[in-house]
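Chemist: model the structure of this input:
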Amino acid sequence: MAKSKDDLLLNQALELRASWDKQIAVLRTVFESGKGRRDVFSLRSEADIKDYDDDFDYKGTEKMLKTLETKRVKLNQTIQLCNFSTSFPYRGETVSLAEALELRKALMADIEAISGRCAKSAFKEIVHKEERDIVYRPRQNFNETWNEYRERLEELRELNNLIHAQNQMVPVKFKDESVT
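Modeler: Here you go, the predicted structure:
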């Protein structure tokens, strides 16, 4: 639980950062679209010119974008500090959230590679040559590869559950202020 009403839990901070990322992306798109209106060398006709609408406050929106970007950087730094300072037991070791996120990334890459090996290990290749067939057996045994795949999935599920639990409990010292 958050220590004060102004603090956020880690999962709330992550959602806030995602929300701000989306807002920043839209505002940047608006400003990028507006740059085309000042293109002197464009071959567009006068009918194709875009200009900001009267109810669009350019300066106010620009200030809002800069405020959002600054707040996002501060929130991201706070999240990262929290990720490095929070630790929990995982498979006989104590790992920080930052390490757990890296472990999760590595596990997902392993799972992807093992899934390809599973597909290859299920088939033998038969090459027909003149009077005989040449059979190439897979390098890995399917059952062993399949069991390794399932073990890694179990590891990933366990790690994801632990990360999720930490996200629900760990407070982040960041005051959620509205941005207008």
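Chemist: can you give me the helices for the protein?
Modeler: Using DSSP state H, the helices of the chain run over residues 10-35, 58-85, 97-121, 142-169.
Chemist: and of the ones you listed, who's closest to residue 134?
Modeler: Ranking the helices of the chain by proximity to residue 134 (C-beta to C-beta) places helix 97-121 first, at 17.6 Å. Where you see a C-beta, it was placed from the backbone N, CA and C, and this is true even at glycine.
Chemist: which strands or helices does that closest one pack on?
Modeler: helix 58-85, strand 87-90, helix 142-169 (3 or more C-beta pairs under 8 Å, 6 or more residues apart in numbering; DSSP states H and E).
Chemist: now residue 175: how far from residue 16?
Modeler: Per C-beta to C-beta, to the nearest Å, residue 175 is found 11 Å from residue 16.
Chemist: could I get the helices of the chain as CSV with distance to residue 131 and mean pLDDT?
Modeler: CSV is the format used below for the helices of the chain (distance: least, C-beta to C-beta, whole Å; pLDDT from 0 to 100):
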stretch, distance to residue 131, mean pLDDT
helix 10-35, 64, 92
helix 58-85, 65, 95
helix 97-121, 28, 95
helix 142-169, 30, 96
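Chemist: compare those helices and give me the one nearest residue 133.
Modeler: Closest of the helices of the chain to residue 133 is helix 97-121, at 19.6 Å (criterion: C-beta to C-beta).
Chemist: what about the closest one, distance to the chain center?
Modeler: Distance of helix 97-121 from its chain centroid, counting by C-alpha atoms, centre = their mean, to the nearest Å, is 16 Å.
Chemist: quick one: it to helix 58-85, angle?
Modeler: 80 degrees (axes from the mean of the first three to the mean of the last three C-alpha atoms, to 10 degrees).
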